[in-house]
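[1] Got a predicted model here, sequence first, then my questions.
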Amino acid sequence: MPAETIAIAADHAGFELKESLKAALEARGLTALDLGTASKDSVDYPDFADRLAGALKDGRATRGVLVCGTGIGIAIAANRHRHVRAAVCHDATSARLSRLHNNANVLALGARLVGPEVAKDCLEIFLATAFEGGRHERRVAKMS
C-alpha cells in the first residue's frame with residue numbers, strides 16, 4: 001500500500017518550519033508533496049495556498065499543511081476553495097478538534113506564533129485524529 005501523500009507549502013516566513021515539518025512527515029513514512037516556497041525570499045502566500053488547493057482537488061494529496069507568519073493569511077486564501085477546510089491551529093487541542101469536529105483537511109500554522117516542537121505536535125495530532133462524524137457531518141457538509 002503506497003504511503004499517504006500530504007501536500008505542504010509555505011511563504012517565506014514559513015519556509016524554515018515547512019522544511020522541518022516536511023522532514024517529520026517523511027520520518028513518519030508519509031510522502032511529502034513540497035509545493036514551495038524554496039527559500040526565505042519574499043513571496044505571496046495566496047499563490048502557495050492555491051497550489052495546495054489544486055493538489056487536493058486533483059488528487060495528488062489527501063491532506064495538506066500550510067505555513068505562513070501567523071497561519072491566518074494562508075488559511076484565508078486556502079479556504080476560498082470550497083473543497084478546502086483549513087484550520088489555523090496553535091496547540092494539540094486545536095489540531096485535534098479541527099479534525100474531530102470540523103474534518104479539517106489542511107493544517108495551517110504560524111511560524112511566528114508556534115515553535116517547531118508545538119508545530120510537530122500539532123502535525124502528529126492532526127494526522128492521527130479521525131473525523132468524529134455524527135452531529136458534525138451536517139455542519140461540515142454545509143461548508144462544502
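    Alright, I've got the coordinates.
[2] Next up, phi/psi of the residue positioned nearest the centre of the chain, please.
    The residue lying closest to the centre of the chain (C-alpha atoms, centre = their mean) is residue 65, at 2.2 Å. As for residue 65, its main-chain torsions (degrees, to the nearest 10) stand at phi -130, psi 130.
[3] which non-adjacent residue is nearest it?
    Nearest in space to residue 65, with sequence neighbours left out and distances taken as C-beta to C-beta, 6 or more residues apart in numbering, is residue 8 at 4.5 Å. For every residue, glycine as well, the C-beta is placed using N, CA and C.
[4] And for residue 62?
    According to C-beta to C-beta, 6+ apart, the nearest residue to residue 62 is residue 4 (5.6 Å).
[5] For that neighbour, give me its contacts.
    Neighbouring residues of residue 4 by C-beta atoms under 8 Å, 6 or more residues apart in numbering: 30, 31, 62, 63.
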